[in-house]
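Asks: Model the following, please.
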Amino acid sequence: MSGKMRTVVIIAIAAAMLSTVLVPLQAEASPDTWTIMVYLDADNDLEQYALNNFMQMSEVQNSAYVHIVVQLDRVSGYDSSYGDWTDCMRFNVTQGTTPSSVPGKDLGEVNMGDPGTLVDFVDWTHVCYPSSDHYVLILWDHGGDWMGVCEDNTSGNDRLTIAELDSALATIKSDIGGPLDILGFDACAMGSVEVAYQFSQYTDYFVASEGGTPLLGFSYDRPLWALTNQTTMTSLQFCDQMISGYHDYYSSMINKPYQLDFAQSLTLSATDSDSMGNLASAVNSLVTELRSNLKCWVNNIRVARNATETYVGPTSLNTSVVDIYHFASNLRATSSNVTMRALCSNVMSAINSSIKDEMHLNDPFDFSRPVDNAHGLSVYFPRNMTSDLSNYLSGLFPSFATKTNWSALLLQYYVEVAKGNPTVLRSSPVGANVSLGADINFTFSEPMDQATLAASFAISPNLAGSLQWGAATNELTFTPSSPLAPSTNYTISIRWGAKDEEGKYLQCNYTCNFTTRAVVSGYSTLAVLYGELGDGGWYISSVNATFSTNDPEATSWTRYSIDNGSWRDCAGNTTICSEDGNHTLEYRSQDLAGNNESVNRLNFGIDRAAPSTSSSVSGSRVRISSNDSVSGVAHTYYRIDGGAWFNYTWEFDVTGSGNHTVEFYSVDNAGNIEVLQTTWVDNGANAFEIISTYGLYIVIGIIVVIVIIAVINSMSKRKEEP
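Replies: You can find the predicted model right below:
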């Protein structure tokens with residue numbers, strides 16, 4: 001082989017070997033790089049808990065693909081550990097780093113409530129890690145929903161307002177070349193629809209709690225360990241790790257002694273920012289309907305709001321925020337209006353689409369209220385007008401509140417609810433296909449005056465019935481005296497003249513309507529006969545019948561006739577015939593729409609009497625005749641002198657001299673059995689039989705005579721002797 005040829009072969013072999021190495025390498029996913037930025041504002045009474053969370057991060061294994069950057073601001077007077085310094089420092093946290101380690105940068109004292117401080121932190125981190133695939137920003141401190149987050153005691157208790165955060169996040173998005181992957185708030189009450197909507201353009205996912213957050217804060221080690229083990233996870237998968245880690249962290253403490261650090265019911269959710277526009281649109285549609293007729297809806301809103309799960313609001317211990325899904329669900333439950341119920345359902349569906357992961361866990365120490373109805377996002381809705389509300393309404397937090405008109409709704413609501421006029425909260429039935437046997441029910445916001453309400457009550461088309469009140473006189477039932485007509489639209493109105501027990505007029509006229517169902521297709525009646533059934537399908541007793549239709553609720557009446565007789569109403573199990581013979585039952589029903597069914601026919605026979613059988617005897621010959629005028633004779637049986645039974649087919653002779661007993665009876669086709677009949681045959685006796693019967697007596701008589709003669713002769717001879 002020439003040198004050139006050997007070279008070609010070697011190259012081919014090397015290429016083949018290299019391909020076997022490269023193919024599996026190409027199949028492996030390239031690891032993503034992650035930069036986790038934690039804005040740790042401990043310049044307040046939470047310092048010791050910030051240090052605890054810092055140390056959780058430092059427990060995580062090092063990874064070339066995961067960078068953890070923390071900006072920690074401390075304050076004097078709360079925790080003296082780790083050097084008790086009080087300035088602000090930045091750390092590139094690796095395994096084993098502590099707050100007393102050499103920082104990446106010593107900033108001196110800064111104001112963590114200044115949006116510029118936040119922007120500087122993120123820009124500095126981005127310069128350090130400019131090509132990360134994922135950027136996560138977590139703001140850590142006290143939270144106040146739409147009033148802001150990250151309070152800095154050293155700087156006059158300044159905090160980042162929502163407007164300032166909006167400005168800072170807009171700058172950050174521009175500086176890093178796009179939205180954050182995840183924006184998280186390790187702070188109380190930041191999981192509101194207002195906050196999530198405001199920042200939706202700056203982050204792909206939003207992670208926060210509707211209610212309070214325990215002093216111990218997020219679990220940082222659990223999700224970060226998962227991330228360093230699998231850096232190829234998506235942003236949503238890391239959100240899932242944050243939420244499951246939070247749940248598992250606190251679940252592990254449930255069976256331990258009481259801990260004030262945990263004494264808080266938990267909520268945490270991950271919201272898809274892209275879906276917030278649809279949610280805002282759904283809320284706006286609901287708000288528009290409510291505001292269009294708020295006088296009628298005000299008490300529905302009040303009842304729904306007061307039944308909705310609440311959380312800590314913008315000010316401490318003020319339960320002024322509610323779960324928006326739970327509110328929509330309760331509002332839907334208070335209303336029988338089809339449009340309103342659909343709009344509430346749309347809001348609920350939009351929330352379900354927005355929330356990609358959610359957890360809630362009740363406080364095991366019963367320090368705070370349960371959170372069983374948490375669904376991921378809250379909304380500001382204080383029970384009554386508060387001083388905070390003026391800030392909310394003034395445009396301090398404009399985006400969600402103004403674009404959905406939620407703030408305008410609240411203002412109108414508090415004005416109307418203060419009047420205290422009663423309204424109809426809901427009525428039933430609603431919609432289509434309503435049962436024909438339905439009652440009509442109303443629930444009022446207040447106990448009502450019965451006389452004025454009865455005078456204001458009307459139904460069209462006119463329907464007779466009675467009004468019945470519940471014990472509290474805020475629940476009214478109208479019971480029709482006859483079934484509702486099928487395929488009919490009913491409109492019920494309660495006019496303004498109705499008053500509550502305090503004399504206040506109904507807030508507005510109330511109107512509702514519903515449509516009853518149609519009669520079933522193929523409406524028909526079924527008759528079932530009852531009685532003692534004999535042979536051949538004949539009844540041997542009186543016959544009863546029950547009648548039923550395939551749409552009992554829509555039946556006006558059912559009637560029957562026997563043998564072209566008069567038509568009769570049937571009631572339950574009815575005796576329809578007691579006479580023997582063949583009969584025809586006719587029956588039909590009429591539905592509530594006035595449609596008469598075609599006549600149905602059913603034939604049956606009754607034979608309750610046994611056949612009649614007679615006999616005639618001529619010498620030794622016996623003739624038997626039987627008769628049954630209804631079902632006819634099936635068989636006649638006879639026997640002679642108690643012998644075997646024979647089926648009678650023709651006349652017969654009784655043989656043998658002397659008297660004979662013949663027994664016979666008949667059975668008809670219905671199975672009726674005649675009482676046993678009897679006749680006799682006398683065939684007399686012949687000479688041989690006479691001799692055989694009386695011969696012994698004759699012989700005895702002759703012997704007696706001979707004996708008597710012999711005795712007489714003997715006595716005569718004795719007299720003649722001398």
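Asks: Quickly list the domain ranges of this protein.
Replies: Domains of the chain are assigned by automatic domain parsing as 34-274, 275-356+371-417, 424-516, 525-606, 612-682.
Asks: Lowest average pLDDT across those domains?
Replies: With a mean of 89, domain 275-356+371-417 has the lowest mean pLDDT of those.
Asks: tell me the contacts of residue 188?
Replies: Residue 188 makes contact with 142, 143, 144, 209, 211, 212, 213, 312, according to Cβ atoms under 8 Å, 6 or more residues apart in numbering. (Each C-beta comes from the backbone N, C-alpha and C, glycine too.)
Asks: which of those count as buried?
Replies: Among the contacts of residue 188, those scoring as buried are 142, 143, 144, 209, 211, 212, 213, 312 (criterion: 16 or more other Cβ atoms under 10 Å).
Asks: from those residues, which is closest to residue 529?
Replies: Distance to residue 529, by Cβ to Cβ, is smallest for residue 211 among the buried ones among the contacts of residue 188, at 69.0 Å.
Asks: if we can go back for a sec, for the buried ones among the contacts of residue 188, which one is nearest residue 190?
Replies: Comparing the buried ones among the contacts of residue 188 against residue 190 with Cβ to Cβ places residue 143 closest, at 4.4 Å.
Asks: beta partners for the closest one?
Replies: Beta-bridge pairing of residue 143 under DSSP bridges involves residue 149.
Asks: any idea how far it is from residue 200?
Replies: According to Cβ to Cβ, to the nearest Å, residue 143 stands 18 Å off from residue 200.
Asks: repeat for residue 97
Replies: Counting by Cβ to Cβ, the gap from residue 97 to residue 200 is 34 Å.
Asks: follow-up on the earlier one: so which of the domains of the chain comes closest to residue 704?
Replies: Smallest distance to residue 704 across the domains of the chain (Cβ to Cβ): 29.7 Å, for domain 612-682.
Asks: higher neighbour count, residue 97 and residue 200?
Replies: Per other Cβ atoms under 10 Å, whichever of residue 97 and residue 200 has more neighbours is residue 200, with 25 against 19.
Asks: List the residues that contact that one.
Replies: Residues in contact with residue 200 (Cβ under 8 Å, 6+ apart) are 206, 273, 274, 276, 277.
Asks: Skipping adjacent residues, who's closest to the last one in space?
Replies: If the residues on either side of it in the chain are set aside, residue 277 comes closest to residue 200, at 7.6 Å by Cβ to Cβ, 6 or more residues apart in numbering.
Asks: The second one now?
Replies: Setting aside the residues directly before and after it, residue 273 is nearest to residue 200 in space (Cβ to Cβ, 6+ apart), at 3.9 Å.
Asks: so residue 443 is in which element?
Replies: Assessed by DSSP states H and E, residue 443 sits inside strand 440-444.
Asks: C-alpha coordinates for that strand, CSV please?
Replies: C-alpha atoms of strand 440-444 as CSV (Å, rounded to 0.1, in the frame of the first residue of the first chain):
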residue,chain,number,x,y,z
ILE,A,440,-89.2,30.5,42.5
ASN,A,441,-86.8,31.7,45.2
PHE,A,442,-85.4,35.1,46.2
THR,A,443,-82.7,36.2,48.6
PHE,A,444,-82.7,39.8,49.8
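Asks: Report the buried residues of the following helix or strand past it.
Replies: For strand 440-444, the following helix or strand on the C-terminal side (DSSP H and E) is helix 450-455. Neighbour counts over helix 450-455 (16+ other Cβ under 10 Å) mark 452, 453 as buried.
Asks: One more: stretch 351-366?
Replies: Within stretch 351-366, the residues that count as buried by 16+ other Cβ under 10 Å are 351, 354-365.
Asks: just to revisit the earlier point, can you pick out the most distant pair from the contacts of residue 188?
Replies: Across the contacts of residue 188, the longest distance by Cβ to Cβ is 13.7 Å; it joins 142 and 211.
Asks: what are the phi and psi values for the nearest residue to residue 453 once chain neighbours are set aside?
Replies: Leaving aside its sequence neighbours, residue 453 sits nearest to residue 498 (Cβ to Cβ, 6+ apart; 4.3 Å). Phi and psi for residue 498, reported as degrees, to the nearest 10, are phi -70, psi 140.
Asks: what's near enough to touch residue 498?
Replies: Contacts of residue 498 (Cβ under 8 Å, 6+ apart): 422, 448, 449, 452, 453, 455, 456, 457, 505, 506.
Asks: tell me which strands and helices the host helix or strand of residue 278 is in contact with?
Replies: Assigned by DSSP H and E, residue 278 belongs to helix 276-292. Helices and strands touching helix 276-292, by 3 or more Cβ pairs under 8 Å, 6 or more residues apart in numbering; DSSP states H and E, are helix 193-198, helix 338-354, helix 399-403, helix 406-417.
Asks: Buried residues, that helix. List them.
Replies: Residues 276, 279, 280, 282, 283, 284, 285, 286, 287, 289, 290 are the ones in helix 276-292 that count as buried (16+ other Cβ under 10 Å).
Asks: between these, which is nearest residue 568?
Replies: Nearest to residue 568 among the buried residues of helix 276-292, counting by Cβ to Cβ, is residue 289 at 55.3 Å.
Asks: roughly how far apart are the closest one and residue 621?
Replies: Using Cβ to Cβ, residue 289 is found at 104 Å from residue 621.
Asks: Residue 643 too?
Replies: Applying Cβ to Cβ, the value for residue 643 to residue 621 is 18 Å.
Asks: Number of residues surrounding the residue nearest to residue 222 when sequence neighbours are not counted?
Replies: Among residues not flanking residue 222 along the chain, residue 245 sits closest, at 3.2 Å (Cβ to Cβ, 6+ apart). If you count neighbours by other Cβ under 10 Å, residue 245 ends up with 20.
Asks: Residue 245 sits in which helix or strand?
Replies: Residue 245 is part of helix 235-251, with elements assigned from DSSP H and E.
Asks: same question, residue 331
Replies: helix 324-334.
Asks: Tabulate the CA atom coordinates of that helix in CSV.
Replies: Extracted as CSV, the C-alpha positions of helix 324-334 are listed here (Å, rounded to 0.1, in the frame of the first residue of the first chain):
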residue,chain,number,x,y,z
ILE,A,324,-59.5,38.0,43.8
TYR,A,325,-60.5,34.5,42.6
HIS,A,326,-62.4,33.8,45.8
PHE,A,327,-64.2,37.1,45.5
ALA,A,328,-65.2,36.4,42.0
SER,A,329,-66.4,33.0,43.0
ASN,A,330,-68.5,34.4,45.9
LEU,A,331,-69.9,37.1,43.7
ARG,A,332,-71.0,34.5,41.2
ALA,A,333,-72.6,32.5,44.0
THR,A,334,-74.6,35.5,45.2
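Asks: which other helices and strands contact that helix?
Replies: Checking 3+ Cβ pairs under 8 Å, 6+ apart, helix 324-334 ends up next to helix 294-306, helix 338-354, strand 378-380.
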